Every structure is written in C-alpha cells, then in structure tokens.
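Visitor: Sharing a model that was predicted from the sequence below.
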Amino acid sequence: MARLLLVSNRLPVTVKAEKDSVSVVRSAGGLATGLSRPHERSGGLWIGWPGDVSRLTDAQRSQVEKQLSDLRCVPLYLSASEVSRFYEGYSNRVLWPLCHYMLDRVPRQDRDWDAYRKANERFADLAAKHYQPGDTIWVHDYQLMLVPGMLRQRLPQARIGYFHHIPFPSSEIFSTLPRRGELLKGLLGADLIGFHAVSYVRHFSGTLLRHLGLDTDIDRVLFQGREVRVGAFPMGIDATAFETLAGEPGVLDEVKTLQERSRGERLLVGIDRLDYTKGIPRRLLAVQRVLEREPSLRGRLRFIQVAVPSRTQVQAYAEYRETVDEIVGRINGLYGTVHSTPVHYLYRSLNEKQLVSLYRGADVMLVTPVRDGMNLVAKEFCAARPDEDGVLVLSEFAGAASEMRDALLVNPYDVEGMADAIEQALEMPKPERQDRMRCLRAGVKTRDVHWWVASFLDRLQGLPSVAEKPPLPDGMTALDKLKGPGRKVLFLDYDGTLVGFAPTPEQAAPDAELMTLLQELSARPDLSVHIVSGRPRETLEAWFGELPVGLHAEHGLWSRMRRGQPWHALPGVSFEWKSQVKPVLDAFAARVTGSFVEEKTASLAWHYRRVDAEFGALQARELRLLLFEKFSQEPMHILPGDRVVEVRPKGVNKGRVVSEVLKQEAPDVRVLAVGDDVTDEDLFAAVPPGGITVHAGNKHTRAAYRVEGPPEVRRLLKALLGK
Ligand SMILES: Nc1ncnc2c1ncn2[C@@H]1O[C@H](COP(=O)(O)OP(=O)(O)O[C@H]2O[C@H](CO)[C@@H](O)[C@H](O)[C@H]2O)[C@@H](O)[C@H]1O
Ligand SMILES: O=P(O)(O)OC[C@H](O)CO
C-alpha cells in the first residue's frame, strides 16, 4: 500500500493542557475516523495545525511534539497573524461565505490574500519535505486550495488528490472572487479533485470553462499537458461506531432519563457548529410557528438545540450567536411556562455519548442548513437509530439531500414550509417512519466513511502516474535533430500554431514579424515550408501568395505546391451533403448570439468563440449530436475543434498533404510538423519515421514534443534559423 501523506488545515487531534502536563487526543470527527486506518496502515503522515499552542510552556510543547509524532502527525504551527489573516481572514471571511453563496458577508477588500498564499506555501513546503517517491498526497479543503498547484511545482511526479468539503458554488458566484484564476489553477495541480455532490462537480467544470477556457470531458480536463480528474465522492460516517454506541447501556440509560424528564413532551433536536450556514434562526422561527399555529402542542414540545462554539474571533460568528440567543429568549419568553421551556439551548460541545443519546432520543431531527457541503449530522442521526424510528427533516440545500431522499426535505428559507414539515414529522405514523428510516439507514451504512476513503483513494491510485505518462519533452529540445546540413520540410498549421486565436477569422491575419520569419525560412535553400490550414484558399493566397511556400487550404482539399503554380483539388471528393447541412448550422447561428457560420468550398464551420464559453460548449455538443443523428450516412466528418464545429468531406485530411509533398522530395529529407488542434493529428500521423512532430498546446496528442503556443512555435522557428 502506498504511503499516505495527508494535508489538512487542522490535525485530527485536540491538545489538552492541564497544569503541568499536556495530552494530545485523537479527534473523533468523520475525517479523522475515516482516514485513521489507511493513515496508520500505510505508515504515512498527517500534516496540519494542532491548534493554538501559544500558551504552552517549552516542556509542554516538547511533550506535544512527542505525542504527535507517536500519532504520525507533523505539526505546522500557525502564528497569531496567520491565524487571524490566513485562517480567520481569507479562509473563513472570504472563501467560507463565498462557497456558501453569502456574497454580502465577503469583505469589500481581500486584504488577506497574501497571507493565504504564504500559509499555503508553508503547507506545501512541509509536505514536499516529508514526501518520499511513491507516496500519495491527499490535500483537504478550502483553506488549502493553492497547495495542490504548489506541490505540483515542487514534485512534478507526485500523485496528488484534493477534496473540497464545502460546496463549490455556481460559476456566477465563484467569478466574483478577484483571485478566482489562481485558486482554480491551484486546484488543478491535483490529479483528482473530489466534491461531495455532482452539482459541485458541474459548477467547478463550468467555472473552469468560463475562466480558463478548459472544457471538462465527463470526468477529466486537460491542464498543462496533464489529465486532471474530477468526481463526486459523497462523504459518509463511521456508521458502525454510531450504531454500536447507540446500543450501549450507558446511552440507553441516558435516553431513558431524557424521556422521563420530558414527561411526555415530543423531542425536536438540532446539533450544529454555531455557524451562519446552519440555518439555526429560521429553524427556531419554524418551531415558533408550530407553537403559534398549534396551541395544543404548547407544553408538549421541546426543542433541544446544541451549538458548538466555532470561529469565535470572527465577528460574523459573534453576531450570529447574539441573533440565536435573542430568538431563543423570545420564544421561551412567549411560550415558556413555569413548568416547561420550549427551547433548550446549549452553547457547547458534547461528547460522543451525549451526542448519540440525543440522536437516539429525538422524535424529530432538524438539519436545516441554508447551505452545507454535505452535513454529517444527518447521517449520524440515522446511524444512531437501530430502532428504525425518528424522523429526519433535512434541508434541500445540504449536500446530503441528494442521497437522503427519504428524509422530509425542506426549503430552509421557507419558515412556514418548515413548520409544516415539523408537524408532518410529529404526526407521521410509525410504519411510515420505519420505512423511511430503514431506507435512510441502508444508504448511510453502505456509503460509510470507509467506503468514501476507499473510493477516493482507489480512483486516485488507479490513475496512471505521471512517471508512467511523462510529460512530452519541450519542442525546443528537438532542434538538435534538425540542425546541420541536409534538406528539411516544414509542415506548419496556421491558427493556434503560428498565430493566437482572434475574435473573428479575419482578425487573425499574419503580423509583420511572422511574415519576416516565413520569408527568411523559405529563403533558405535547405528548407521547404508548407502551410497546412483549414482556411479557404482565397485567404491563404491573399496572405501568403507572394511567399515561396507551399499552401494547403481546407485541410488539404486544395493545394498550391509552389509559388506561381495553380491550385488543384483532391480528386473524388463529394460535397453534396453541404446544402442539407448548411440550414442546420444557420439555425444554430441565429439562435446562439455571437456565433456564425463559415462556408468554404468543401466544408462548413459553426464558430462560437464569441459566445459565453459554458453556453457555447453546451450548444456545440447539441449541434454535434443533431448532426450525427441526421447525417450519419453522408460522406462527411463532424469534427469538434477549438470553439468551432466543423463538417468536412470524408477522405480529406491534412495527412494527405504530407504524402503528396514528400513524393517530390528525396527519401532522406527531414520533416518537422507543428500543429495545435485535432486536425493536426492527421498531419502528425503521416510524418514518416524519424520526422519530428510538435504539438502547440496541452491537448492529447500523438506528437512527440510539446510547446506552449504560438510564441514558443515562433521561438522554435527562429532557433532553426540560428537566431
Ligand atoms: N454540539 C456538538 N457537540 C459535539 N459534536 C458536534 C456538535 N455539533 C456538531 N458536532 C459534530 O461535528 C461534525 C459536524 O460535521 P458537519 O458535516 O455537520 O459540518 P461542518 O460544517 O463542521 O463540516 C464541513 O465538513 C463536513 C465533512 O466534509 C461536511 O459535511 C460539511 O458540509 C462541511 O461544512 C459532526 O460529526 C457532528 O457530530
Ligand atoms: O473549526 P474549523 O474552522 O477548522 O472548521 C471545521 C469545518 O469542519 C470546516 O470544514
């Protein structure tokens, strides 16, 4: 088993300082439990912050280090300024509310970005320091979004996973972040990026397309020549542990006491970190509405809300606490009697036994966050109900809702609707409660935390490693093979290879630097230059007609072998399908603002480079499907390109140019082919053995070398001239 290097902001431990001694206790949280087995079995390390240890004496600090090391934990101590700017500042004042759709809570200026970046660097440095070849690195959560990218720079060969524990918002929301590009590129350093729900994967893919122009193909996206996988891995809990605890005599006694003290009151329970995403005020208001609407329930209903203090130094949390206190006070003032208090509010953490006793004793569990990545409380409640009783009221905005369809799903913004759900839960007949709980428990037990860890790690470790699929060597290193005497033939694609993309095809005309470069190359007696493009011959003639180069238009349908020679077409090509296909493309151009149809002698192209990237890609998929459906019998090819869908006749491809040109050359001529898109793959395939193929970009390619884009292609050509 590969050694596992876990990296998370917090270590899965709590440091408890007593008078002279100090102890480090492993946390019981989901992540800690799920990962403890693979962490220990693999002999790996867990890197993270052990919490505030600033008040410890030196002796206590060394005790902590010793105990951490026994637990295979490597501490990264955050300074007071890092806690305030990296943890509380950028992580919890900017990223946390933003990912939970609360834009109004994000400060106007992101002053703490620098601290976030630097702290991420510290985590990456420490992980890189402990890395051993063959290790699997698994980075966790939004506090460390830059770490995968930083690690990729330090350890290009490493196998890196990242899991995002909170929602990934729609691209409309993520786009508001001034640092969106850096954060996205940071995540793309990973080999596998996991989210709790399919909708977060969709949002992430949409954001990549919108801001980095990267189109995700089902579960993978190409970035800097690497294939990055994305996927939904809904996190589970240690269901067996909760179930076992729920059956222990101590817990059953506690439940009995709870029920006796309730004297027949129905019990509603809420358990959360005190966080403004958890929807506690609206939940309280819903309970208030039930009491208002149903006088018969007054004195017969008790709502126990437990809230664990969290991020108390962040002002929004302090304000939220006041709001909750105030609403609790108001409801108790209105509906309390000398004998009963409707809301029992505890602002503290509970131990596991107390927690499970509440789950086991609840008639109705209220889990109503306004937004939540997953929410493990909902799952813990079900696992703790081996009696198959109790009703779960669950927010449709929690990631858990997509799995737990047998809960009573509510809109947490609809107080009246939540009050209805509470009443429905209280009145639900036992057989229905049991049916629902049985189904919920089956899901929670099957997809538990061990299943989650295994499915993520199996996927990550099953991917071909970078070492097995090394990145293509830099095109510049191919130069040595081309230098020296002897004839060479260059096949150069135009758009995306010699020039970058422009908003319209006309705007991508060659610039003076390129014309000079081509002039100089073609003037060399040992070089023969051929431009092989998808463009119409009129355009190539107008731009390059005066140069002594070979021109090949419409992917090789038309060729002009030398300056002054006439253009000739490939024989035997059928174009009859064009008149039927054109109206389909025209209809798409009319419906998708900013898109347009380009017509050439032999082919048609629908361009969407000026359309919103996400919408354009979607429409392109639809167009391709429609064309396949309608014209599959026609002698034509439907080709996706870079923000274009092309329809070309069968039998025409850039590869045919290579064979035509080489017929007129000596057999020992050396060949260089450079191109950037899928049509250039035919060119590469036709290059005879010993030839050099260079892909300009980061797509899948059969080329042997890679350069980044047009500026690097020009650099390569200049170097060929000895410049
Ligand atoms: N009063 C109390 N006393 C003791 N323990 C208490 C407690 N209140 C809550 N807990 C415990 O804390 C954990 C909370 O986990 P959640 O998934 O509910 O939310 P959290 O926002 O912390 O986690 C983030 O990570 C998890 C895991 O990925 C995501 O589900 C979630 O959406 C995301 O915000 C549970 O295991 C629960 O038992
Ligand atoms: O207490 P925090 O700020 O480390 O947050 C813990 C939450 O589970 C974040 O996912």
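Guide: Thanks, I have the structure now. Ligands and ions are numbered 1, 2, ... in the order given.
Visitor: And residue 155, how far from residue 118?
Guide: 19 Å (C-beta to C-beta, to the nearest Å). Heads up, the C-betas are built off the backbone N, CA and C, glycines and all.
Visitor: Please apply the same query to residue 249.
Guide: Residue 249 is 52 Å from residue 118, by C-beta to C-beta.
Visitor: So for the two, which sits in the more crowded spot?
Guide: Shown here are residue 249 and residue 118; by other C-beta atoms under 10 Å, residue 118 has more neighbours (13 against 7).
Visitor: and that one, what does it touch?
Guide: Residue 118 sits next to residue 86 when contact means C-beta atoms under 8 Å, 6 or more residues apart in numbering.
Visitor: does it count as helix, strand or coil?
Guide: Classification of residue 118 by DSSP: H, G, I helix; E, B strand; the rest coil places it in helix.
Visitor: and the stretch 201-350 of the chain, which residues reach ligand 2?
Guide: 310-311 (C-beta under 6 Å from any ligand atom).
Visitor: let's see it at 8 Å
Guide: Residues of the stretch 201-350 of the chain lying near ligand 2 by C-beta under 8 Å from any ligand atom: 273, 310-311.
Visitor: could you pull out the helices for the stretch 301-450 of the chain?
Guide: With helices called from DSSP state H, counting those that start in this stretch, the stretch 301-450 of the chain shows them at 315-335, 352-361, 376-383, 415-427, 430-446, 449-462.
Visitor: closest one to ligand 1 among the ones you listed?
Guide: Among the helices of the stretch 301-450 of the chain, the nearest to ligand 1 by C-beta to the nearest ligand atom is helix 376-383 (3.5 Å).
Visitor: Do the closest one and ligand 2 come into contact?
Guide: No. With C-beta under 8 Å from any ligand atom as the criterion, ligand 2 is not reached by helix 376-383; the gap is at least 9.1 Å.
Visitor: which secondary structure elements does that helix contact?
Guide: Packing partners of helix 376-383 (3 or more C-beta pairs under 8 Å, 6 or more residues apart in numbering; DSSP states H and E): helix 239-246, helix 352-361, strand 364-367, strand 391-395, helix 430-446.
Visitor: I'd like these laid out as a markdown table, including mean pLDDT and mean neighbour count.
Guide: Putting the helices and strands packed on helix 376-383 into a markdown table (pLDDT from 0 to 100; neighbours: other C-beta atoms under 10 Å) gives the following:
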| stretch | mean pLDDT | mean neighbour count |
| --- | --- | --- |
| helix 239-246 | 96 | 19 |
| helix 352-361 | 96 | 21 |
| strand 364-367 | 98 | 28 |
| strand 391-395 | 98 | 27 |
| helix 430-446 | 98 | 16 |
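Visitor: could these be laid out in CSV, adding distance to ligand 1?
Guide: Listed next are those as CSV, based on distance: least, C-beta to the nearest ligand atom, whole Å:
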stretch, distance to ligand 1
helix 239-246, 9
helix 352-361, 5
strand 364-367, 8
strand 391-395, 11
helix 430-446, 13
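Visitor: Can you say which of those is nearest to residue 182?
Guide: strand 391-395 (31.7 Å; C-beta to C-beta).
Visitor: how far out from the middle of the chain is the closest one?
Guide: Put simply, strand 391-395 sits 28 Å off its chain's centre (C-alpha atoms, centre = their mean, to the nearest Å).
Visitor: for stretch 494-503, same thing?
Guide: 29 Å.
Visitor: start the count at 28, not 1, going forward
Guide: Happy to do that; since the first residue is 28 now, the last one works out to stretch 521-530.
Visitor: what comes into contact with it?
Guide: 519, 532, 535, 537-538, 541, 558-562, 567, 636-637, 669-670, 701-704, 707, 723-724, 736-737, 740-741.
Visitor: do the same with stretch 268-286
Guide: Outside stretch 268-286, the residues that reach it (C-beta under 8 Å, 6+ apart) are 60, 294, 379-381, 383-388, 407, 410-413, 472.
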